[in-house]
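[1] Got a predicted structure here, sequence first:
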Amino acid sequence: MSAIKGISRRSVLKGASAAAAGLAMPMVWTGNRAFGAERITVSDVGGAVGDAIKQAFYLPFEQETGIQVVGVAHDPDPVTQFKLLVDAKSYIWDVAMVTQDHVVRLTTPDNYLEPLNVPAEEAADLLPGMLTDDWMGFSVFGIVMAYRTDTMSEHPPTGWRDYWDSAAFPGRRGLYKSPWGVLEMALIADGVSPKALYPLDVDRAFAKLDEIRPDVAVWWGSGAQNTQTLQNGEVDLSDTWTSRASTAIASGAPVKIVWDGLYSVDGWSIPAGTPRADLAREFVRFCMRPEQQAIYASLSKNGPSNTRAFEHISPEHAAVMPTAKENFQRLGELDSAWWGENYDAMAERFQEWLLLG
């Protein structure tokens, strides 16, 4: 079973502020292009993040090893898909992008993950908690708010209390069609400190959601949709994942991030039993390299897990990532263990709430 541990605030800030003593040396690579006829399929979250992953990991890995990487997008919550492909032994994925709470659900009560078999010495530069037996975290992201400056510049929201105050802050609102992160935002809006959220007071959170429900214009279901609604002005303010809001900003949309919320981490896991597990492990190890993580972080605006990646990231790019000190100090840690144990029950209750009111 996976030993999931929280990623501490101190460890992430330490990585983000690591001083560059010189250019990072690449990890020793023992593979060769003898695998040239081989291919692996990697599932990720798609959209702009998927494009960043392709540029930082898929294409360079294929160029170096000859192993073709086919990238496919999966659902925002890929756990059911993951379990089905392992149970059916139809390995349409060899690696999947998952969060720590996904890992809990994929290892309890039954294990669906292959061990990564990464030697400890290769993980020396990773932040504490970013590598377990069956998961390697590489992308620190924020669960925050964003708003359109063209419609809300005179009286902009500064936190989740303002999001819930539709009288003082009128505008079309977007909200994620999932309890994950949304229950926490409701409690923060109700005055709960991000450091005192868990275990979640679920009844209190749903009562708070009752208040804002009539003002939600768009219930978004994917990161790509979230970006699109911010870009085209379908909403004036919305909850968001930092890379999705950054994509809207990069496109020229008048969007600003409000650093009030939580942080979590995306990483790689391998489906148990895939016949291409060894190739998948080589890919995961490749993604630990600081220079590759720096490319991904600079493109996606998510923070890296390898502390030496910051040696390759410009100060301007580092400043807009969740791991920047001034941003990170306003983010609490999403409790992956709590969500791993409670996601199914919360998802069922949330869907009933959406349908029945």
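    Alright, I've got the coordinates.
[2] Met346 and Gly181 touch, don't they?
    No - Met346 is not in contact with Gly181 according to CB atoms under 8 Å; the separation is 11.0 Å. No exception for glycine: its C-beta is placed from N, CA and C like everyone else's.
[3] Could you tell me how many residues sit around Ser251?
    13 (other CB atoms under 10 Å).
[4] What are the phi and psi values at it?
    Main-chain torsions, Ser251, degrees, to the nearest 10: phi -80, psi -10.
[5] so how far is Asp150 from it?
    The gap separating Ser251 from Asp150 is 14 Å, by CB to CB, to the nearest Å.
[6] which SS class is Trp259?
    Following DSSP: H, G, I helix; E, B strand; the rest coil, Trp259 is assigned to strand.
[7] Might one say that it is in contact with Ile143?
    No - at 10.9 Å, Trp259 and Ile143 do not qualify as touching, with contact defined as CB under 8 Å.
[8] Please say which of the two ends up with more neighbours.
    Using other CB under 10 Å as the criterion, Trp259 and Ile143 rank with Ile143 on top: 23 against 18.
[9] elements contacting the helix or strand hosting the more buried one?
    In the assignment (DSSP states H and E), Ile143 maps to strand 136-148. Strand 136-148 makes packing contacts with helix 182-189, strand 237-241, helix 242-250, strand 255-269, helix 290-300 when contacts are defined by 3 or more CB pairs under 8 Å, 6 or more residues apart in numbering; DSSP states H and E.
[10] what angle separates the fourth one from strand 136-148?
    Counting by axes from the mean of the first three to the mean of the last three CA atoms, to 10 degrees, strand 255-269 points 160 degrees away from the direction of strand 136-148.
[11] Between the two ends of stretch 188-195, what distance do you get?
    In stretch 188-195, first residue to last residue: 10 Å (CA to CA, to the nearest Å).
[12] actually stretch 106-122, sorry about that
    25 Å.
[13] got the contact list for it?
    With contact meaning CB atoms under 8 Å, 6 or more residues apart in numbering, stretch 106-122 is reached by 1-2, 27, 79, 82-83, 86, 98, 103, 131, 133-136, 269-274, 277, 280-281, 284-285, 288, 340-341.
[14] what about Trp219, neighbour count?
    Using other CB under 10 Å: Trp219 sits among 15 other residues.
[15] Distance check, Thr158 against Val258.
    In terms of CB to CB, Thr158 sits 6 Å off from Val258.
[16] If we ignore the residues flanking it in sequence, what's nearest Val70?
    Thr41 (4.6 Å; CB to CB, 6 or more residues apart in numbering).
[17] So for the residue nearest in space to the middle of the chain, what's the pLDDT?
    Among the residues of the chain, Asp266 comes closest to the average C-alpha position under CA atoms, centre = their mean, at 4.3 Å. On pLDDT, Asp266 comes in at 97.
[18] Give me the buried subset of the contacts of stretch 106-122.
    Buried members of these, scored by 16 or more other CB atoms under 10 Å, are 2, 27, 79, 82, 86, 98, 103, 131, 134-136, 269-272, 274, 277, 280-281, 284-285, 288, 340.
[19] Those in strands, which ones?
    98, 136, 269 (DSSP state E).
[20] Phe169: which of the residues you listed is nearest?
    When those are compared for distance to Phe169 (CB to CB), Val98 wins out at 34.8 Å.
[21] is it true that the closest one touches Gly267?
    Yes - between Val98 and Gly267 there is a contact at 6.5 Å, judged by CB under 8 Å.
[22] anything in contact with each of these two?
    By CB under 8 Å, 6+ apart, the residues touching both Val98 and Gly267 are Trp135.
[23] sorry, back to before: contact partners for the residue nearest to the centre of the chain?
    Contacts of Asp266 (CB under 8 Å, 6+ apart): 45, 97-99, 137-139, 141, 302.
[24] For this structure, give me the ranges with low pLDDT.
    1-37, 357 (pLDDT under 70).
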